[in-house]
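> generate coordinates for the sequence data below:
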Amino acid sequence: MDRSTLLPPRLAEILDDFALSDRQEKMELLLEFSASLLPVPEGLAEPISQPESVPECMTPVTVYMHTQRGCLRFYFEIPPEAPTIRGYAAILQQGLWDTPPEGVLRIPDDFYLGLGLHYILTPQRLNGLIAIMVHIKRLASHALTSSS
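Residues are numbered from 1 along each chain as shown. Model (predicted):
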């Protein structure tokens, strides 16, 4: 099975954009995504959408999950002085928007390699990206078991 078929369509599109970009363009794209990160809506207070921090990430990252009609939306609180992490979070936010939990859980843990971020970020930053994705999958798994 082609790995791209495991990705939600919007996330696959984002991967394609990064795949066609050189090193400098990847960084520019990441910074563009950083500027598009949606803020956490006021009143996001469902039991499974309580904020959860990602302790493995050097940058303070708090993830909120909202469930709507069986699909997930993720929101992040990340300091503005961390544009690369904010950019990655925006990629996940846009790429996973309204994806059911099963779709989130199918995403390969190393999908970020398709973005080519391992060419422009330090290993320590990459560990943070991996931790964010693992955390999102944990929330998606919780949403799946809560709806059963």
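
> what's the model's confidence in the helix or strand where residue 84 lies, averaged?
In this structure, residue 84 is located in helix 83-96 according to DSSP states H and E. Model confidence over helix 83-96 averages 96 on the pLDDT scale.

> which strands and helices lie in contact with that helix?
In terms of contacts (3 or more CB pairs under 8 Å, 6 or more residues apart in numbering; DSSP states H and E), helix 83-96 is packed against helix 9-19, helix 23-35, strand 71-77, helix 123-147. Using the backbone N, CA and C atoms, a C-beta is placed for each residue, glycine as well.

> now with 6 Å, please.
With contacts defined as 3 or more CB pairs under 6 Å, 6 or more residues apart in numbering; DSSP states H and E, the secondary structure elements packing on helix 83-96 are helix 9-19, helix 23-35.

> in the last one, what's buried?
Across helix 23-35, burial judged by 16 or more other CB atoms under 10 Å covers 26-27, 29-30, 33-34.

> who does that helix touch, helix- and strand-wise?
Going by 3+ CB pairs under 6 Å, 6+ apart, helix 23-35 lies up against helix 83-96.

> which residues does the helix it packs on contact?
Contact with helix 83-96 is made by 10-11, 14, 30-31, 33-34, 36-37, 59, 74, 76, 78, 104, 129, as judged by CB atoms under 6 Å, 6 or more residues apart in numbering.

> what's the ChimeraX syntax to select whichever of these are buried?
For selection in ChimeraX, the members of the contacts of helix 83-96 meeting the burial criterion (16+ other CB under 10 Å) are listed in this command:
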select :11,14,30,33,34,37,59,74,76,78,104,129
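
> farthest-apart pair in the contacts of helix 83-96, please.
Taking CB to CB, the two most distant members of these are 31 and 104; they sit 25.1 Å apart.

> shaky segments in the protein?
In the predicted model, the chain carries pLDDT under 70 at residues 1-4, 44-52, 55, 147-148.

> rerun that using 90 as the cut-off
Within the chain, the stretches falling below the threshold (pLDDT under 90) are 1-6, 40-62, 68, 109-113, 120-131, 144-148.

> just give me how far the helix or strand containing residue 63 sits from the chain centre.
If you go by DSSP H and E, residue 63 is part of strand 62-68. Its chain's C-alpha centre lies 11 Å from the corresponding centre of strand 62-68 when counted by CA atoms, centre = their mean, to the nearest Å.

> great, nothing more from me.
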